[in-house]
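J.: Fold the following, please.
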Amino acid sequence: MHIDTIHLIPAAPGVQHRLQVLRFGPAGAARSATIQAALHADEVPAMLVAQQLRHQLAVLEDAGQLLGQIQLVPYANPLGLGQLLLGQHQGRFDLRDGGNFNRHHVDLAEAVARQVGPALGTDAATNQRLVRQALQQAADALHTHNAVQDLKHRLLQLAIGSEVVLDLHCDSEAAMHLYTLTPHAAPGSELGALLGARAVLLATESGDGPFDEACSRPWLVLADRFADRPIPLACFSATVELRGERDTGHGLAQRDAWAIIEFLRRRGLVAGTPAPLPAPRCAPTPLASSEPVTAPCAGVLVFHVEPGQEVAAGELVADIVDVDSGAHTPVRARSAGVLYARCGTRWAWPGKRLAKIAGTTLQRTGTLLSP
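T.: This next block holds a predicted model:
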């Protein structure tokens, strides 16, 4: 294992933040994967899984089993790790301006299209090499003006050259689920089966530039733009939601790390015969058909459905108790599917997102992710 330390632009005099990057496997390998944990810094199960990966990858490296280089960023947001407000950890949004740490990552597709367009030919392998080189060059050339932008650019520079990028998160209270591009439904299903996911959510563009799409979506955009010249979708990326914020058991983390390594083995980055693929616990569904269940009023929130449970259209998901009158307002599912996540607090207000259901009938447009 080789450890690199990346120092970010100081946010203020006397304040220094750094990223730690752990590299396993042969240096300079032609193939690579990048795994990062807790870009939303208060999503701590991801950091526990990263520590299990650290141990398991070290064992594999010592045994000579790593065929590519695996980069592990065990905490992807040192800025958010230090954000404590009135005794509560606030790692999802930048307290400086309210920006979401996992939104508005740079889209490199246009810059790369201008650079490689004249050089693309009829050989897919050559085109893949040209695009990967241009993506790395474009990422390395990004200008930085503040600490948060520096963090985002540094993470992109680390991951943009990899063929597998896994961004490890969690939700408030949730079953295992993940997000990936629609053309990556097959490897997404494979990863979901290994992890025991209850939802695999697909979109060609989810909106607002999350990190995983900044790594993989340029390949899709370029393949569409230069349809007469073959460009493989040479980066599989996914946002993996490791259940809920409180799911920090060592046994869970160990199993999740094993599943991720098995996925890398199936991609040819780890030696050995892959374990049999478990039966999937869900079929992939469109992110556009995911139903955000919202509160119609304020009051005490009482759930009737657990994360991972299937619901029918019209089924009671929760009720909200009015603290003036004691009246109960029912909240029902509009579509059938799996309730894969719900909020962690029990006070509702009008418009508050209470839960998410992976369905197939809705057709949302615009920005598809939670704020």
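J.: Got the confidence number for residue 340?
T.: On pLDDT, residue 340 comes in at 98.
J.: For it, which non-adjacent residue is spatially closest?
T.: Computed as C-beta to C-beta, 6 or more residues apart in numbering, the closest residue to residue 340 that is not its neighbour in sequence is residue 199, at 4.1 Å. From N, CA and C alone the C-beta is placed, and that goes for glycine too.
J.: residues making contact with the strand or helix carrying residue 21?
T.: Taking DSSP states H and E as the definition, residue 21 sits inside strand 18-24. Contacts of strand 18-24 with the rest of the structure, by C-beta atoms under 8 Å, 6 or more residues apart in numbering, involve 1-8, 54, 57-58, 60-61, 66, 69-76, 78, 151, 154-155, 158.
J.: Strands - which of those residues land there?
T.: 2, 3, 4, 5, 6, 7, 69, 70, 71, 72, 73 (DSSP state E).
J.: Which of those residues sits closest to residue 123?
T.: residue 69 (25.0 Å; C-beta to C-beta).
J.: Quick check: that closest one touching residue 35?
T.: No. Using C-beta atoms under 8 Å as the test, residue 69 is too far from residue 35 to be in contact (11.7 Å).
J.: ok, these two, which is more surrounded?
T.: When residue 69 is set against residue 35 and neighbours are counted by other C-beta atoms under 10 Å, the residue ahead is residue 35, at 28 against 20.
J.: May I have the distance across stretch 300-311, first residue to last?
T.: Criterion C-alpha to C-alpha, to the nearest Å; first-to-last residue distance in stretch 300-311 is 22 Å.
J.: Pull out the buried positions in it.
T.: For stretch 300-311, a neighbour-count test (16 or more other C-beta atoms under 10 Å) marks 301, 303, 305, 307, 308, 311 as buried.
J.: and residue 212, what is it in contact with?
T.: Contacts of residue 212 by C-beta under 8 Å, 6+ apart are 165, 167, 179, 180, 237, 238, 239.
J.: I'd like the distance between it and residue 27.
T.: To residue 27, residue 212 is 25 Å away according to C-beta to C-beta, to the nearest Å.
J.: tell me the SS of the residue nearest to residue 334 when sequence neighbours are not counted?
T.: Leaving aside its sequence neighbours, residue 334 sits nearest to residue 291 (C-beta to C-beta, 6+ apart; 5.8 Å). Put simply, residue 291 is strand when judged by DSSP: H, G, I helix; E, B strand; the rest coil.
J.: my guess is residue 99 contacts residue 93, does it?
T.: Yes. The criterion here is C-beta under 8 Å, and residue 99 meets it with residue 93 at 6.5 Å.
J.: Looking at those two, which is more packed in?
T.: Per other C-beta under 10 Å, whichever of residue 99 and residue 93 has more neighbours is residue 93, with 18 against 15.
J.: residues in contact with the residue lying closest to the more buried one once chain neighbours are set aside?
T.: Nearest non-adjacent residue to residue 93, counting by C-beta to C-beta, 6+ apart: residue 100, 5.7 Å away. Residue 100 sits next to 92, 93, 94, 208, 371 when contact means C-beta under 8 Å, 6+ apart.
J.: let's see 7 Å
T.: 92, 93, 371 (C-beta atoms under 7 Å, 6 or more residues apart in numbering).
J.: Phi and psi next, for it.
T.: Backbone torsions for residue 100, taken as degrees, to the nearest 10, come to phi -80, psi 130.
J.: Check the gap between it and residue 346 for me.
T.: 24 Å.
J.: Of all pairs in the contacts of residue 212, which one is the farthest apart?
T.: Checking these with C-beta to C-beta, the most distant pair is 165 and 179, at 12.4 Å.
J.: From the opening residue of stretch 329-345 to its closing one, how far?
T.: End-to-end for stretch 329-345, by C-alpha to C-alpha: 17 Å.
J.: please renumber so the chain begins at 466
T.: Renumbered: residue one is now 466, and that last one reads stretch 794-810.
J.: Pull out the buried positions in it.
T.: 796, 798, 799, 800, 801, 802, 803, 804, 805, 806, 807, 808.
J.: And stretch 466-481, by the same measure?
T.: Of the residues in stretch 466-481, 471, 473, 474, 476 count as buried by neighbour count, 16+ other C-beta under 10 Å.
J.: and which of those is nearest residue 721?
T.: residue 471 (25.4 Å).
J.: Not counting residues beside it along the chain, what's closest to residue 611?
T.: Leaving aside its chain neighbours, residue 611 sits nearest to residue 474 (6.7 Å; criterion: C-beta to C-beta, 6+ apart).
J.: right, and that neighbour touches residue 614 too?
T.: No. Counting by C-beta atoms under 7 Å, residue 474 stays clear of residue 614, with 8.3 Å between them.
J.: Give me the subset of the buried residues of stretch 765-776 lying in strands.
T.: Reading strands off these with DSSP E, I get 766, 768, 776.
J.: OK, contacts around the second one?
T.: Residues near residue 768 by C-beta under 7 Å, 6+ apart: 783, 807.
J.: what bridges to it?
T.: With DSSP bridges as the criterion, residue 768 is bridged to residue 783.
J.: how far away is it from residue 795?
T.: 12 Å.
J.: circling back to that earlier point, any chance of the backbone angles for the residue nearest to residue 805?
T.: phi -150, psi 130.
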